[in-house]
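In: The following comprises the amino acid sequence and a computationally predicted model.
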Amino acid sequence: MSKDKQEFLISRNNNNYEVIIGLEVHAQVTSNSKLFSSSSTKFGAEPNTQVSLVDAAFPGMLPVINEFCIKQAIKTGIGLKAKINNKSVFDRKNYFYADLPQGYQISQYKYPIVGEGKIILDMPYGQKEIGIERLHLEQDAGKSIHDIDPDSTMVDLNRSGVALMEIVSKPDLSSPDEVNVYIKKLRSIMRYLGTCDGNMQEGSLRADVNVSVKKKGEEKLGTRCEIKNVNSIKFMQMAIIYEANRQVDLLEDDKIVDQETRLFDTKKNETRSMRSKEDAHDYRYFPDPDLLPLEVSNDLIDTIKKEIPELPDEKKKRFIEKFNLTPYEATILVSDIETSKFFEEVIKDSDIKLATNWITGELFALLNEKNLEISKSPISSKNLSKLINLIKNGTISGKIAKTVFELMIESDKDADAIVNEKGLKQESDPKQLEKLIDNIIKNNQDKVNEYKSGKDKLFGFFVGQVMKVSEGKANPKLVNEILKDKLSK
């Protein structure tokens, strides 16, 4: 398998195969109640405690559409630069499974609420546009639980009827790395909009991954296989690599790739056949007779457009233009809405460049180590701003700041209090520093002579001696200035 900066290719017997990927992302709508009932959507409740008669498909119970979920879908469509359809229809998608009590899923088929849109990916080799085919609303099924009783399968209907947005990409993705960036960008947009929390560990965001391969240069697409319900970006990437290689091996052996639905076994790191791939006619779609066609006025769309916040691409542009950040720095800082908020709170009262370096450096390292979101950071934006100001005004050095940072993690005290309590204030009095430097020069005349004879690297020795004697508290900038002056005489 070879990969350059723009291509993800699988090589066999002098043949190079391209991988074609499309995603069907199922994003749970952020709402307090379900799509067609008033039952709660709160995560983590006891099984079957958030189930209405509608959710359980009791005879005669009629669905009532949740207007808020409709608005959330429209808002997401606008965020994806997509066409909002004035008329859409809810259909019944018919299939049987134990956790689908109605025997059908209320979804949308021919007439979705949102049409074509796009997402721009920032890749190392430049920007790439990924087309969005559609966004439609549908209700989630329940959950089958197989690991409680060895002889029985349990069914929890708490998720039954929860509103989902299925966001279908065009087959424009061509590598696991692009899938990684795409999912993160899509999740970021929805978090900015407040339409989906994107918590994959809670099942709020999962995807069906469509994979096919074809020889490089061929126009005809290969037979695609759909890998169902993959619930982490890492597993999506692993599944794509395995499945693409499996299909290439079949083609190289002159075998046929069957169109089918597959599952990804995370323990064995392999996909396996689940069932033959259904086509739309297999589900016998027809308009739900209990739900009238949905009509959305242009006035409502315009009203929702006015509620759209500044999204990642626009925020990135502003950060670059207003704060003089590099595209890389801006991309990192806008990737998550909480991170961008934290950054803007820090720079209200502190240096932008230092703030950028500390957030993307020490703070991110801390959060990764402790597996925390920035909203749970043990160091607040206010306290980080204070620390940065102490560096900027020369009260402490960057090295001492790292010590203070570590102490801030362990206590609730701010940077000022720690510096005063521990006596960490930087020595910036030129007269005091001159005394230190004079003593060091006096005690190291041999090194002075060597330096003056051309051994310029010895300058670092003198700086190190000053920092050692001052216990790291000497102002490095002043130390360098005074030493250069003294050693030049």
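Out: Here it is on my side, so go on.
In: any low-confidence regions in the stretch 51-200 of the chain?
Out: Applying pLDDT under 70 to the stretch 51-200 of the chain flags no residue at all.
In: mind running it again at 90?
Out: When the per-residue scores of the stretch 51-200 of the chain are filtered using pLDDT under 90, the ranges that remain are 95-98, 125, 146-151.
In: Would you state the helices of it in chain order?
Out: When secondary structure is read from DSSP state H, counting those that start in this stretch, the stretch 51-200 of the chain shows helices at 67-79, 176-193.
In: okay, those helices in CSV with distance to N449 and mean neighbour count next?
Out: In short, each C-beta sits where N, CA and C put it, glycine included. CSV is the format used below for those (distance: least, Cβ to Cβ, whole Å; neighbours: other Cβ atoms under 10 Å):
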stretch, distance to N449, mean neighbour count
helix 67-79, 69, 21
helix 176-193, 57, 21
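In: Kindly present the ones you listed as CSV, with separate columns for distance to T261.
Out: Formatted as CSV, the helices of the stretch 51-200 of the chain follow (distance: least, Cβ to Cβ, whole Å):
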stretch, distance to T261
helix 67-79, 26
helix 176-193, 19
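In: give me phi/psi at I227?
Out: I227 has phi and psi values of phi -100, psi 120 when expressed as degrees, to the nearest 10.
In: That one reaches F235, doesn't it?
Out: No: shown here, I227 and F235 do not form a contact pair, counting by Cβ atoms under 8 Å, at 9.3 Å.
In: Minimum distance to M467: which of the helices of the stretch 51-200 of the chain has it?
Out: Of all the helices of the stretch 51-200 of the chain, helix 176-193 sits nearest to M467, with 41.7 Å by Cβ to Cβ.
In: neighbouring contacts of that closest one?
Out: When contacts are taken as Cβ atoms under 8 Å, 6 or more residues apart in numbering, the neighbours of helix 176-193 outside the stretch itself are 8, 21, 23, 25, 27, 75-76, 79-80, 119-123, 128, 130, 167, 169, 173, 196-198, 205, 207, 209, 233, 236-237, 240-241, 308-312, 334-337.
In: Restricted to strands, list these.
Out: Among those, the residues falling in strands (DSSP state E) are 8, 21, 23, 25, 27, 119-123, 128, 130, 167, 169, 205, 207, 209.
In: Got a PyMOL select line for the buried ones in those?
Out: In PyMOL syntax, the buried subset of the ones in strands among the contacts of helix 176-193 is picked out as below (16 or more other Cβ atoms under 10 Å):
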select buried, resi 8+21+23+25+27+119+121+122+128+130+167+169+205+207+209
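In: ok so, going back, of all the helices of the stretch 51-200 of the chain, which one comes closest to K214?
Out: Put simply, out of the helices of the stretch 51-200 of the chain the one that sits nearest K214 is helix 176-193, at 16.7 Å, with distance taken as Cβ to Cβ.
In: so how far is the closest one from its chain's centroid?
Out: The gap between the average C-alpha position of helix 176-193 and the chain average comes to 6 Å, counting by Cα atoms, centre = their mean, to the nearest Å.
In: now for the chain, which residue lies nearest the mean position of the chain?
Out: Geometric centre of the chain, nearest residue: K184, 3.5 Å, by Cα atoms, centre = their mean.
In: about what we covered before: which one of the helices of the stretch 51-200 of the chain lies closest to K399?
Out: When the helices of the stretch 51-200 of the chain are compared for distance to K399 using Cβ to Cβ, the nearest one is helix 176-193, at 33.9 Å.
In: For stretch 242-262, buried residues please.
Out: For stretch 242-262, a neighbour-count test (16+ other Cβ under 10 Å) marks Y242, E243, A244, N245, R246, Q247, V248, L251, V257, E260, R262 as buried.
In: What mean pLDDT does it get?
Out: Throughout stretch 242-262, pLDDT has a mean value of 95.
In: which residues touch that stretch?
Out: Taking Cβ under 8 Å, 6+ apart as the criterion, the residues outside stretch 242-262 that touch it are 1, 10, 12-13, 15, 17, 19, 209, 211-213, 222-228, 264, 269-278.
In: Output that stretch as CSV, restricted to C-alpha atoms.
Out: As requested, the backbone C-alpha atoms of stretch 242-262 are provided in CSV (Å, rounded to 0.1, in the frame of the first residue of the first chain):
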residue,chain,number,x,y,z
TYR,A,242,-9.4,-3.5,5.9
GLU,A,243,-12.4,-3.5,3.6
ALA,A,244,-10.5,-1.8,0.7
ASN,A,245,-7.7,-4.3,0.9
ARG,A,246,-10.3,-7.2,1.1
GLN,A,247,-11.9,-5.9,-2.1
VAL,A,248,-8.6,-5.5,-3.9
ASP,A,249,-7.6,-9.0,-3.0
LEU,A,250,-10.9,-10.3,-4.5
LEU,A,251,-10.4,-8.4,-7.7
GLU,A,252,-6.8,-9.5,-8.0
ASP,A,253,-8.0,-13.1,-7.7
ASP,A,254,-10.5,-12.5,-10.5
LYS,A,255,-13.4,-12.8,-8.0
ILE,A,256,-16.5,-10.6,-7.7
VAL,A,257,-17.1,-8.1,-5.0
ASP,A,258,-20.7,-8.7,-3.8
GLN,A,259,-22.8,-5.7,-2.9
GLU,A,260,-23.6,-6.3,0.7
THR,A,261,-23.9,-4.9,4.2
ARG,A,262,-21.0,-5.7,6.5
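In: Check the offset of that stretch from the chain's centre.
Out: Mean C-alpha position of stretch 242-262 versus that of the full chain (Cα atoms, centre = their mean) differs by 31 Å.
In: okay, I227 and F235: which has more neighbours?
Out: I227 (23 against 19; other Cβ atoms under 10 Å).
In: tell me which residues form a beta bridge with that one?
Out: Note on I227: beta-bridge partners by DSSP bridges are V209, R262.
In: contacting residues around it?
Out: For I227, the residues meeting the contact criterion (Cβ under 8 Å, 6+ apart) are D208, V209, N210, V211, A239, E243, T261, R262, L263, F264, T271.
In: picking up where we left off before, out of the contacts of stretch 242-262, which are inside strands?
Out: Within the contacts of stretch 242-262, residues falling in strands by DSSP E are 10, 12, 15, 17, 19, 209, 211-213, 225-228, 264, 270-276.
In: From these, list just the buried residues.
Out: By neighbour count, with 16+ other Cβ under 10 Å, the ones in strands among the contacts of stretch 242-262 hold 10, 17, 19, 209, 211-213, 225-228, 264, 271 as buried.
In: Using JSON lines, lay out the residues you listed together with distance to V346.
Out: Converted to JSON lines, these look like this (distance: Cβ to Cβ, whole Å):
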{"residue": "I10", "distance to V346": "45"}
{"residue": "Y17", "distance to V346": "47"}
{"residue": "V19", "distance to V346": "41"}
{"residue": "V209", "distance to V346": "38"}
{"residue": "V211", "distance to V346": "42"}
{"residue": "S212", "distance to V346": "46"}
{"residue": "V213", "distance to V346": "46"}
{"residue": "C225", "distance to V346": "47"}
{"residue": "E226", "distance to V346": "44"}
{"residue": "I227", "distance to V346": "41"}
{"residue": "K228", "distance to V346": "42"}
{"residue": "F264", "distance to V346": "40"}
{"residue": "T271", "distance to V346": "44"}
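In: so how far is the longest helix along the chain from its chain's centroid?
Out: In the chain, with assignment by DSSP state H, the single longest helix is helix 233-252. Between the mean C-alpha location of helix 233-252 and the chain-wide mean there is a distance of 23 Å, by Cα atoms, centre = their mean.
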